[in-house]
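Enquirer: Return a 3D structure for these sequence lines:
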Amino acid sequence: MFCNRCGTESQPNDKFCKSCGAPVGAAAASSVDAAAVPAVAPVVAQPVTNGGAVAGAQAVAPPMPPMPPMPPAMPMAGASIPGQPGMAGPPPGMVPVVYQAYPGGPQQVYYMPATAVQGHAHQSMLDGLKGRIRNLASTEALEGFSLGQTFSQTFAKHGTDAVDEYMMVGASRTTPPIELVETGWPKPWMFFRLLAFFAVAFAVLYEVWKFTGNIPLMPAMLIVGAFAVPLSTLVLLFEMNTPHNVSIVMVGKLFVVGGLAALCAVSFEYMVGIAGKLPGVVEETAKLAAVLLVVRGTRYKYQLNGILFGAAVGAGFASFETCFYGLINSFLPTLIQGLQQMQEADAITAAMQSMVNNLVVRGVLAPFGHVAWTAIAAGAFWRLKRDQPTSASMLMDHRFLKAFAIPVLMHTLWDASVLMPNLSFIVNVALWIGTGLVTWYVLFGFIQQGLKQVKEEQMTHLQATLANVEAGMDSSVVAGQRAGVLPA
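Expert: Below you'll find the predicted structure:
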């Protein structure tokens, strides 16, 4: 059954068209002039006989129903549809949507709520943006990933032995064989315990200082506040390294030596005048160079290893940088200014509070900055390096350069206030949120690639094992045949 007004197919029980709202079925029949519909005489099948026997039966099929009219073109709001007087534009709150099954085919107009169309457009825009990001990073859409599932073990109870075994990995005797490595999305939990420990320690130090006013607590508060979140984020990516072939000693070496090496490299690079306007290029290059300086050789071949190495150097760099900002940019300027305007005790209190505020803000933002940026850069490099020696050609490979451009761009947007000091606080917060989401979307894509690499390694190892077993069985059979134990 088709609507006489717009040609949309309707169900037998429908009284009104789902597209234009015109009456259909019995409701439409009452408004149609019967004289305008030509009568069709029934045709009775006549048997054809031959010698008293029925040779066959031929009947004329009833005529096909008339083709529905071509749906009208999408009308402009408030405009009348040609040939359909009284139908002026879409119904209130609805917008016309044209459907065309194939290029050049007939078009069908549907009316949908404006909010649904806008939501579809926003989803299409978001999907397009995610596709461009994946193309730049050379990653695939996330498969089987869920934040709820990934962090489902965060608050589960784990004993002391589980904690010890969890961290004592990476040595020749504690690295699991490749066939036992998990290739699904990891479920980290250790990072949250470390974060909670640091948070409680910082809160205790802060309350003791507030109660006693003891100034020597300042260094402890500065170190705990600066190291808490970068170290916790590093442990999160340590747990994501499912091969468990990197020891905590190696991670600590990268954190301290790599972080300090990156700081020194940045210090020399900032001696060049223009470098101060390009913090994204300068700092991301220095941190990646520190990773390549500390980690040499071909022992660590997994992309997940590279992600962990980058996170360690980034965490060290972020921790030391926060110490600088907390002391030089917050505590000392506030103290100097306060000594000129108030009593010494009040000036010290104001300086301590300014430092605490700086540490809290940088701690909240830390997971979206240096740790994740350097993890992406090193992960992109290890995607090419694997078990090969480091070479300059890898650094010039377009696949690495495209992916390396992501942390550089995210860092540049994060520090947009350096180039544009007049940006409002709201714009800066929007940039931080946007760059943080993009950074972790890319990082999760890299982690997925690393998990697939481990799975491919498992398959290769399994195939080699089966080939060796089959070869051994064939050798046994041949030896048995030669010895006359088995039939030839």
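
Enquirer: ok, Phe268 - contacts?
Expert: Not one residue lies near Phe268 by Cβ atoms under 8 Å, 6 or more residues apart in numbering. Bear in mind the C-beta positions are built from the backbone N, C-alpha and C, glycine included.

Enquirer: was I right about Asp397 contacting Leu384?
Expert: Yes: Asp397 is within contact range of Leu384, at 5.7 Å (criterion: Cβ atoms under 8 Å).

Enquirer: Check which residues of the helix or strand Glu284 falls within are buried.
Expert: Element membership for Glu284, per DSSP states H and E: helix 279-294. By neighbour count on 16 or more other Cβ atoms under 10 Å, the buried set for helix 279-294 is 279-292, 294.

Enquirer: what bits of the stretch 101-250 of the chain have low per-residue confidence?
Expert: Across the stretch 101-250 of the chain, the ranges flagged by pLDDT under 70 are 101-105, 110-122.

Enquirer: Helices along that one, start to end?
Expert: Applying DSSP state H, counting those that start in this stretch to the stretch 101-250 of the chain gives helices spanning 114-137, 147-150, 160-167, 190-212, 217-240, 248-253.

Enquirer: can you give me the angle the helix ranked longest in the chain makes with helix 217-240?
Expert: Longest helix of the chain, by residue count under DSSP state H: helix 425-483. Angle between the axes of helix 425-483 and helix 217-240 is 40 degrees (criterion: axes from the mean of the first three to the mean of the last three Cα atoms, to 10 degrees).

Enquirer: that older thread, just checking, what packs against the helix holding Glu284?
Expert: helix 259-269, helix 303-324, helix 370-385, helix 398-414 (3 or more Cβ pairs under 8 Å, 6 or more residues apart in numbering; DSSP states H and E).

Enquirer: what angle separates the shortest one from helix 303-324?
Expert: Right, helix 259-269. For helix 259-269 against helix 303-324, the angle by the same axes, to 10 degrees is 70 degrees.

Enquirer: that older thread, of the helices and strands packed on helix 279-294, which is nearest Met250?
Expert: Closest approach to Met250 among those is made by helix 303-324 (8.2 Å; Cβ to Cβ).

Enquirer: deepest of the helices of the stretch 101-250 of the chain, which one?
Expert: Highest mean neighbour count of these: helix 217-240, a mean of 22 (counted as mean count of other Cβ atoms under 10 Å).

Enquirer: could you say what helices and strands it packs with?
Expert: Against helix 217-240 (3+ Cβ pairs under 8 Å, 6+ apart) you get helix 190-212, helix 248-253, helix 303-324, helix 344-365, helix 370-385.

Enquirer: so where's the stretch 351-488 of the chain uncertain?
Expert: Within the stretch 351-488 of the chain, the stretches with pLDDT under 70 are 476-488.

Enquirer: hey, C-alpha coordinates of stretch 154-165 in CSV?
Expert: Backbone C-alpha positions of stretch 154-165 (Å, rounded to 0.1, in the frame of the first residue of the first chain) are rendered in CSV as follows:
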residue,chain,number,x,y,z
THR,A,154,41.5,-1.3,39.9
PHE,A,155,39.6,-1.6,43.2
ALA,A,156,39.8,-5.4,43.5
LYS,A,157,41.7,-6.8,46.5
HIS,A,158,45.2,-8.1,45.9
GLY,A,159,47.5,-9.7,48.5
THR,A,160,51.1,-8.8,49.3
ASP,A,161,52.4,-11.7,47.4
ALA,A,162,50.5,-10.6,44.3
VAL,A,163,52.1,-7.2,44.5
ASP,A,164,55.6,-8.6,44.9
GLU,A,165,55.2,-11.0,42.0
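
Enquirer: chain center to that stretch: distance?
Expert: 28 Å (Cα atoms, centre = their mean, to the nearest Å).

Enquirer: on that earlier part again, counting by contacts, list what the longest helix of the chain packs against.
Expert: helix 114-137, helix 303-324, helix 370-385, helix 398-414, helix 416-419.

Enquirer: re the thing from before, nearest to Gln340, of the helices of the stretch 101-250 of the chain?
Expert: The minimum distance between Gln340 and these falls on helix 217-240, with 20.4 Å, by Cβ to Cβ.
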